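Colleague: no sequence on this one, just coordinates:
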């Protein structure tokens with residue numbers, strides 16, 4: 001099959017790789033009809049990935065059609081249209097069955113495309129372990145584009161907003177307006193936020209957030225503007241979607257006393273000097289971590305089916321998989337309005 005393989009910093013190649021095959025009776029093989037690039041893929045692209053491996057297939061957001069199943073697979077069948085959540089679990093323990101694959105009790109939790117351990121989905125086909133759990137049937141009323149966005153980006157945005165304790169009437173700030181940040185802005189409004197401040201240095205992305213009703217701010221202006229608007233109280237709920245020390249620090253400066261900061265940006269530094277004394281004195285709640293996609297889908301499916309959330313509108317580019325290297329270049333450079341880059345095999 002053809003796939004995108006990582007060979008080093010800024011070296012993603014469209015090349016031939018071995019066809020995926022089931023490795024157990026519980027596995028399936030899915031023919032990928034569309035896949036997309038996630039912001040966290042750029043960590044690998046920059047050469048600061050999650051393993052020392054090279055030559056593995058990248059990517060962890062995909063939808064497709066089941067083409068092969070193991071003898072123990074019973075919930076899906078050949079021909080089914082499925083979405084593949086970014087991370088997988090064993091599908092048998094209590095944590096995985098509750099949707100929390102990150103806490104798999106058998107240590108089977110893994111993400112596609114981070115290393116050779118589990119090959120990625122920016123490919124013509126992908127092996128799905130424990131397929132009865134890790135391949136999710138696309139529900140009626142959910143297009144394949146919407147399903148693709150829910151394999152990671154939309155689910156992560158919802159997770160970040162949910163863990164910021166957003167309630168009806170909350171004031172919210174979203175720091176970072178890439179695809180996940182823009183989706184988090186919409187999620188905040190759906191959760192009942194009365195005001196959302198959308199913060200990013202890129203004017204085009206601020207304009208997109210403003211179209212949804214957010215107050216768009218440059219990071220240099222955010223703290224002063226929010227202090228003035230709230231008479232010094234600042235904001236109750238902050239979602240950080242970048243992962244840099246500077247943006248985490250801004251989140252902690254924007255949050256009100258007894259407020260909540262939710263950090264979902266993949267961290268770019270090994271250590272951060274957390275201001276514990278200030279956080280303790282203000283009674284802050286600070287949460288950080290990655291999303292377990294299956295845990296969020298029961299809430300997201302009806303919202304997407306009804307059109308309350310429309311994550312597909314942040315798809316900016318559609319390219320063939322063969323142009324994957326160019327897609328990565330555009331995405332990294334944020335050229336031509338690059339947001340969600342969707343790649344089509346074949």
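Modeller: Great, that's in hand. All of these numbers come straight from a predicted model, not from anything done at the bench. Numbering: from 1, shown residues only.
Colleague: Distance check, the closest residue in space to residue 16 that isn't next to it in sequence against residue 127.
Modeller: Closest residue in space to residue 16, ignoring its immediate chain neighbours: residue 2 at 6.1 Å, by CB to CB, 6 or more residues apart in numbering. From N, CA and C alone the C-beta is placed, and that goes for glycine too. Computed as CB to CB, to the nearest Å, the residue 2 to residue 127 distance reads 16 Å.
Colleague: I'd assumed residue 60 was in contact with residue 121.
Modeller: Yes. Between residue 121 and residue 60 there is a contact at 6.2 Å, judged by CB atoms under 8 Å.
Colleague: These two: which is more packed in?
Modeller: It is residue 121, of residue 121 and residue 60, that has more neighbours when counted by other CB atoms under 10 Å, with 32 against 28.
Colleague: Are we agreed that residue 302 is in a helix?
Modeller: Yes. With the criterion set as DSSP: H, G, I helix; E, B strand; the rest coil, the secondary structure at residue 302 is a helix.
Colleague: what's the burial count for it?
Modeller: Neighbours around residue 302, by other CB under 10 Å: 12.
Colleague: can you pull the contacts of it?
Modeller: By CB atoms under 8 Å, 6 or more residues apart in numbering, residue 302 lies in contact with nothing.
Colleague: next one: the one 10 residues further on
Modeller: By CB under 8 Å, 6+ apart, the contact set of residue 312 is 143, 145-146, 148-149.
Colleague: Identify the residues contacting the nearest residue to residue 49 once chain neighbours are set aside.
Modeller: Once flanking residues are discounted, residue 49 sits nearest to residue 43: 5.9 Å by CB to CB, 6+ apart. If you count contacts by CB under 8 Å, 6+ apart, residue 43 has them with 49-50, 266, 268.
Colleague: By neighbour count, which of the residues you listed wins?
Modeller: Ranking the contacts of residue 43 using other CB under 10 Å puts residue 49 first, with 22 neighbours.
Colleague: shared neighbours, residue 121 and residue 60?
Modeller: Counting by CB under 8 Å, 6+ apart, the common neighbours of residue 121 and residue 60 are 112-113.
Colleague: Can you name every helix or strand that the strand or helix carrying residue 34 contacts?
Modeller: Assigned by DSSP states H and E, residue 34 belongs to strand 28-36. In terms of contacts (3 or more CB pairs under 8 Å, 6 or more residues apart in numbering; DSSP states H and E), strand 28-36 is packed against strand 62-69, strand 125-128, helix 144-150, strand 340-344.
Colleague: Which of residue 2 and residue 127 has more residues huddled nearby?
Modeller: The residue with more neighbours, out of residue 2 and residue 127, is residue 127; 21 against 16, by other CB under 10 Å.
Colleague: Tell me who's in contact with residue 242.
Modeller: 175-176, 265.
Colleague: Looking at the residues you listed, which is nearest residue 91?
Modeller: residue 265 (28.8 Å; CB to CB).
Colleague: So residue 338 is in contact with residue 329, correct?
Modeller: No. With contacts counted by CB under 8 Å, residue 338 stays clear of residue 329, the gap being 9.5 Å.
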